[in-house]
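[1] using only what follows, build the 3D model:
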Amino acid sequence: MAITGATGQLGQALLERLLGLGDPTAVPNSAQGCSDGPVAGIRLRTVSRRPLPAKLRRALGTQHTRADVRSLAAREAIEGADLVFHLAAKVWLGRQRGSRDEMRSVNVDGTLNVLAARPSCTVFASSAVVYGAWPDNPLPMDEGCELRPNAQCPYAQDKSVAERVVAQGARLWSVLRFCAVLGSHADQRVARSLAGYRLAVPEVRGCAQALQWLHEDDAVEALLRVGADLLGAGKASSQVLNVATKDWVGAPDMARLAASRVLRAPGRLVLAAAEAARWAGLSPFGADRAVLIGGPLALSPAKAAEVVSWEPRRGSEEVFTEALAAGWGQAPHNR
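    Okay, here's the model as predicted:
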């Protein structure tokens, strides 16, 4: 078994579950095909650009490869794995020249490199953003909805392409489209930006929001269930599944939970302000993320419940409120 992007939010949370370092009562029955406590009898290999945190490094031993997901070293590290959780991705669009090409290369060429290792089963972490945020989006969206990634969001465009790469090149595969994920492993930049909601919740004038916030424990549960199903050649093979909460929140809901207010502005002004803040180094988010509040973007998880019996244990309001209370000071810088 192998994990790419092992130092990211989902990678670390998944590793802790597989290594038995988290809450033992939280390990689902679906994981028993993958793990018996601390990965008994299984060779678990991980790849990431960053070093693993100390507790994961001690538990995992020498099976971690520090390498770019596009490299030969990364491909050799996961060569012939029975199951790969492909979580590695470049999420943030840098400010330096060539950052767009670098993002595309990591997200698309990196996926091609993972598939070149010929894993027997591949679970690919995609994103809700592939649907795009548009005023005419249905509520909620199922997996049959057209993919319309916003032009301002290159990450969404890359994920859409990478999904096709997986569908065309993997042996047994599943694609999971995650809504926004929060939890103790969430990147500090996400947590800090979320804390800004205590001042105001932005909203594009005339465009209602519908956002979902998924707890990382529920996200890991979905990964494990789908991975176990693929190893058993089950119903998840060649399937795309939305992984999201059953509920969603709008700007007024988040303002109420944050005890703040809604700040409405024209779409062009929202995008311009976000881009100016990114270039000034005040925010990791630019127009690439601000565009995602330009319409409802909420997914139906009904298919995941049907195919692998996955349902989230927490709702968006609970996850959002918990993240606000946690603050950002102790959040990891894991991207």
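[2] shaky segments in the stretch 151-300 of the chain?
    Residues of the stretch 151-300 of the chain meeting the criterion pLDDT under 70: 233.
[3] and stretch 207-224, how far out from the chain's middle?
    9 Å (Cα atoms, centre = their mean, to the nearest Å).
[4] first-to-last residue distance for it?
    36 Å (Cα to Cα, to the nearest Å).
[5] buried ones in that stretch?
    Of all the residues in stretch 207-224, those buried under the rule 16 or more other Cβ atoms under 10 Å are 207, 209-224. Backbone N, C-alpha and C define where each C-beta goes, glycine included.
[6] for this protein, which residue occupies the most central location?
    Phe178 (5.5 Å; Cα atoms, centre = their mean).
[7] in space, what's closest to that one - neighbours in sequence excluded?
    Val243 (4.8 Å; Cβ to Cβ, 6 or more residues apart in numbering).
[8] what's the local residue count around the one you found?
    28 (other Cβ atoms under 10 Å).
[9] that one against Ser174, yeah?
    No: under the criterion of Cβ atoms under 8 Å, Val243 is not in contact with Ser174, lying 10.5 Å apart.
[10] circling back: and the residue nearest to the centre of the chain, bridged to which residues?
    Beta-bridge partners recorded for Phe178 (DSSP bridges): Ser127, Val243.
[11] which residues touch it?
    10, 125-128, 214, 219, 222, 243-244 (Cβ atoms under 8 Å, 6 or more residues apart in numbering).
[12] return the member of those nearest to Gln188.
    Closest approach to Gln188 among these (Cβ to Cβ): Leu10, at 15.8 Å.
[13] quick check: the closest one is in a helix.
    Yes: assessed with DSSP: H, G, I helix; E, B strand; the rest coil, Leu10 lies in a helix.
[14] the closest residue to it other than its chain neighbours and Ala265: what is the separation?
    Spatially, and ignoring its direct neighbours in sequence, Leu10 is nearest to Leu87 (5.1 Å; Cβ to Cβ, 6+ apart). With the distance defined as Cβ to Cβ, to the nearest Å, Leu87 ends up 34 Å from Ala265.
[15] again with His64
    Separation of His64 from Ala265 (Cβ to Cβ): 45 Å.
[16] looking at those two, which is more packed in?
    More crowded of His64 and Ala265, by other Cβ under 10 Å: His64, with 21 against 14.
[17] what are the phi and psi values at the closest residue to the more buried one other than its chain neighbours?
    Leaving out its chain neighbours, the residue that sits closest to His64 by Cβ to Cβ, 6+ apart is Thr46, at 4.8 Å. When read as degrees, to the nearest 10, the backbone of Thr46 gives phi -130, psi 150.
[18] also Trp173?
    Torsion angles, degrees, to the nearest 10, at Trp173: phi -150, psi 160.
[19] of the buried residues of stretch 207-224, which belong to strands?
    Among those, the residues falling in strands (DSSP state E) are 213-215.
[20] what segments of the chain are helices?
    For the chain, helices defined by DSSP state H occupy the ranges 9-18, 54-60, 72-77, 99-104, 110-116, 154-169, 188-195, 216-231, 251-258, 267-279, 287-290, 302-308, 316-326.
[21] state the mean pLDDT of the first one.
    What it means is helix 9-18. The pLDDT scores in helix 9-18 average 95.
[22] and the angle from that helix to helix 216-231?
    Angle, helix 9-18 to helix 216-231, by axes from the mean of the first three to the mean of the last three Cα atoms, to 10 degrees: 70 degrees.
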